[in-house]
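>>> Could you look at this predicted model? Sequence included:
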Amino acid sequence: MEILILGSGAIGGSVAADFLMAGIPISIADPWPQLISKVQKEGFHIRLPDSEFHTPTNQALHLSDFATLNPKYDVVFLAVKAQDARWMTEFIKPYLKDHGVIVPLMNGMMNPTIASIIGKERLIGSVIELSAESFEPGIIKRKTPPSKTWIAIGEFDGKITDRLKMVQKLLSHTATVDFSDQIENAKWTKLVTNAMILAPFAMIKATSYDALADSNMRQLVLRIGEEAISVGRAMGYEIEKIFGLNAQDMQGQPAEISHKLVETLVGHIGKKSQNATTQDVLKGRITETKFINGLIVEQGQTLNIPVLANQAICQIMAQIEAKRIAANEANIALACKLAEIT
């Protein structure tokens, strides 16, 4: 079986390292040339909370190598930012075998975009909870070891297929892997959580989730979740059990569910953590906010559902990305003002 991990930063690199340490032959590829060159020579260096290790070297490809080598893959794990989903899918499409599948390991509701390029029948949905960061090529600080990492995978018709079992077996080296018969519901539930913790903490450049102790920040975060749940329900997405929570945990009003989701996620990854969007802010990169909070705003406005809190986050993050304002704690008061939270 030919396996490719396309996108080998903090998340893709963590998965690649687990596969390599399990003796699973894989190739990796990434748009960052320095990362590929480093991994070709030295492998990955993974730092866990209580240990660290180096992986063996493996086939690591620059994107320019594909035209020469013309490789073909049975499974591609697509571990890129939401804004890169379309062009990376178009890029890898010619290198999928006829029966090949893509398993996106990313935030956002990007499955329809990917399916429009390769066909829904060549796509397996997933939700991943893995906290890691990487500021140097090939060096990853992983906050959640495999024992605390969770993934759900699912076919879009809800069936348990042989290929789904194959993907579960592979990813079991990285996480506890559950099957979901409602994978898009699970994706939206994760998006609710991402909307609450990614951009809101990135806008203050948080190195931990201690800011939840601030009453204004907590109100803002919970309001974001309430709006996201309300919009999702209007779109037909029900809240799905994720992160090991059960169906009873997911019952109640949007504010109660939002609270449970945030507390559970922070409990898993720990309060001392820089999330992916904060890392992008620190690196001066475009963030995924448009595809998370921005999607909630877009759909909420279409459905005439108030989304002031998510809109406030989008406005502030756009200013930060344009370098018109700084990411700091003053943005909590600004967001609350824009969201009309008193």
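Here it is on my side, so go on.

>>> could you say what helices and strands the strand ranked longest in the chain packs with?
In terms of residue count, the longest strand belonging to the chain (DSSP state E) is strand 96-104. The elements that strand 96-104 packs onto, with contact taken as 3 or more C-beta pairs under 8 Å, 6 or more residues apart in numbering; DSSP states H and E, are strand 73-78, helix 85-92, helix 111-118, strand 125-129, helix 162-171. Every C-beta, even on glycine, is put in place using the N, C-alpha and C of the backbone.

>>> what about the strands in the chain?
Secondary structure of the chain by DSSP E: the strands cover 3-6, 27-29, 45-47, 52-54, 59-61, 73-78, 96-104, 125-129, 132-136, 139-142, 150-154, 176-179.

>>> closest one to Asn293 among these?
Among these, the nearest to Asn293 by C-beta to C-beta is strand 125-129 (17.9 Å).

>>> Redo the helices and strands packed on strand 96-104 as a markdown table? Include mean neighbour count, mean pLDDT and distance to Leu48.
Output for the helices and strands packed on strand 96-104, formatted as a markdown table (neighbours: other C-beta atoms under 10 Å; pLDDT from 0 to 100; distance: least, C-beta to C-beta, whole Å):
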| stretch | mean neighbour count | mean pLDDT | distance to Leu48 |
| --- | --- | --- | --- |
| strand 73-78 | 23 | 98 | 20 |
| helix 85-92 | 18 | 98 | 28 |
| helix 111-118 | 17 | 97 | 30 |
| strand 125-129 | 24 | 95 | 16 |
| helix 162-171 | 16 | 98 | 18 |
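
>>> re the thing from before, now the longest strand of the chain: average pLDDT?
Strand 96-104 carries an average pLDDT of 97.

>>> How about stretch 32-52?
Mean pLDDT, computed over stretch 32-52, is 96.

>>> Also stretch 216-234?
The pLDDT scores in stretch 216-234 average 93.

>>> Tally up the residues packed near the residue nearest to Ile11 when sequence neighbours are not counted, please.
Excluding its sequence neighbours, the residue lying closest to Ile11 (C-beta to C-beta, 6 or more residues apart in numbering) is Ala79, at 4.8 Å. Counted with other C-beta atoms under 10 Å, residues neighbouring Ala79 total 26.

>>> before we move on, the earlier item: compare the strands of the chain and report which one is nearest to Thr277.
For Thr277, the closest of those is strand 132-136, at 11.4 Å, according to C-beta to C-beta.

>>> measure Gln274 to Ser134 for me?
Distance from Gln274 to Ser134, counting by C-beta to C-beta, to the nearest Å: 11 Å.

>>> To clarify, my last question referred to Ile28.
According to C-beta to C-beta, Ile28 stands 13 Å off from Ser134.

>>> overlap in contacts of the two?
Common neighbours of Ile28 and Ser134, counting by C-beta atoms under 8 Å, 6 or more residues apart in numbering, are Gly13.

>>> Those two: which has the busier surroundings?
Taking other C-beta under 10 Å, Ile28 and Ser134 do not tie; Ile28 has more neighbours (28 against 23).

>>> What ranges in the chain fall below the confidence cut-off?
Along the chain, segments meeting pLDDT under 70 span 208, 241-251, 265-273.

>>> Let me have the strands of the chain in CSV, adding distance to Ile224 as columns.
Converted to CSV, the strands of the chain look like this (distance: least, C-beta to C-beta, whole Å):
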stretch, distance to Ile224
strand 3-6, 31
strand 27-29, 35
strand 45-47, 31
strand 52-54, 35
strand 59-61, 38
strand 73-78, 27
strand 96-104, 24
strand 125-129, 18
strand 132-136, 23
strand 139-142, 27
strand 150-154, 22
strand 176-179, 26
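
>>> Quick one: end-to-end distance for stretch 144-159.
29 Å (C-alpha to C-alpha, to the nearest Å).

>>> how distant is the longest strand of the chain from the center of its chain?
Mean-position distance between strand 96-104 and its chain equals 20 Å (C-alpha atoms, centre = their mean, to the nearest Å).

>>> give me every residue that touches the residue nearest to Ile11.
Ala79 touches 5-9, 11-12, 15, 104-106, counting by C-beta under 8 Å, 6+ apart.

>>> now with 10 Å?
Applying C-beta atoms under 10 Å, 6 or more residues apart in numbering, we find Ala79 in contact with 5-16, 28, 30, 88, 103-106, 128, 130.
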